[in-house]
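Visitor: Please work out how this folds:
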Amino acid sequence: MAETSYGILMYRRSEGRLEVLLIHPGGPFWKNKDDGAWSIPKGGANAGEEPLQSAQREFEEELGCCPPQSQIDLSPIRQKGGKVVHAWACEGDFDPAKLRSNVFQMEWPPKSGKRAEFPEVDRCAWFDLPAARIKMNAAQAAFLDDLERQLDELK
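Guide: Reported below is the predicted structural model:
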């Protein structure tokens, strides 16, 4: 069975254009990766959690703030490695300078026997849609198409 994640795509309108908030994963493996490495805040469900609850909890853990409650249900995607990602979009604003990510531990350097702590998210930023398509995981770009379509339908 494929791994499943749940996430929130926050969006805003700035100077007449649509922007989305993306996160960059922390840790040594992602340090020098940029294009294609960014993502929506997402993660797996805890036992007994509803999918949307998981997405909201992951957003709070990775950014340090609660997402707005009004969400647009986006169509799920399958990433290259097989993971299925379910996402919701919400309109909001977040100051990237206020990022407060949870942390994880891993052996670093490899085979050293030493443990080091890293933030799960080392930075976040707002991107207009053309830039977001370059920065984010290629499969997740479908979320942008779905968001644009649904926002156009609401006009």
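Visitor: Tell me which residues are up against the top strand by length along the chain.
Guide: Across the chain, the strand with the greatest residue count (assigned by DSSP state E) is strand 4-14. Applying Cβ atoms under 8 Å, 6 or more residues apart in numbering, the contact partners of strand 4-14 are 18-21, 39-45, 51-52, 54-56, 58-59, 67-68, 71, 74, 83-94, 126, 143, 147. All C-beta spots, glycine's among them, are computed from the backbone N, C-alpha and C.
Visitor: The spatially most central residue of the chain and Lys114, how far apart?
Guide: The residue lying closest to the centre of the chain (Cα atoms, centre = their mean) is Ile40, at 1.7 Å. Ile40 sits at a distance of 32 Å from Lys114 (criterion: Cβ to Cβ, to the nearest Å).
Visitor: what are the ranges of the strands in the chain?
Guide: Secondary structure of the chain by DSSP E: the strands cover 4-14, 17-25, 42-43, 72-73, 77-78, 84-91, 103-107, 115-119, 121-128.
Visitor: Enumerate every residue touching the nearest residue to Asn137 once chain neighbours are set aside.
Guide: Residue nearest to Asn137 in three dimensions, not counting chain neighbours: Ser39, with 5.4 Å by Cβ to Cβ, 6 or more residues apart in numbering. Counting by Cβ under 8 Å, 6+ apart, Ser39 makes contact with 7, 22-25, 136-137, 140.
Visitor: cool, and Lys98?
Guide: Shown in contact with Lys98 (Cβ under 8 Å, 6+ apart): 64-65.
Visitor: what does the model give it for pLDDT?
Guide: Reported pLDDT at Lys98 in the predicted model: 97.
Visitor: in the sheet, who's paired with the residue nearest to Asn137?
Guide: Each beta-bridge partner of Ser39 is listed here, defined by DSSP bridges: Ile23.
Visitor: still on that earlier bit, can you give me the separation between the residue nearest to the centre of the chain and Phe143?
Guide: Applying Cβ to Cβ, the value for Ile40 to Phe143 is 7 Å.
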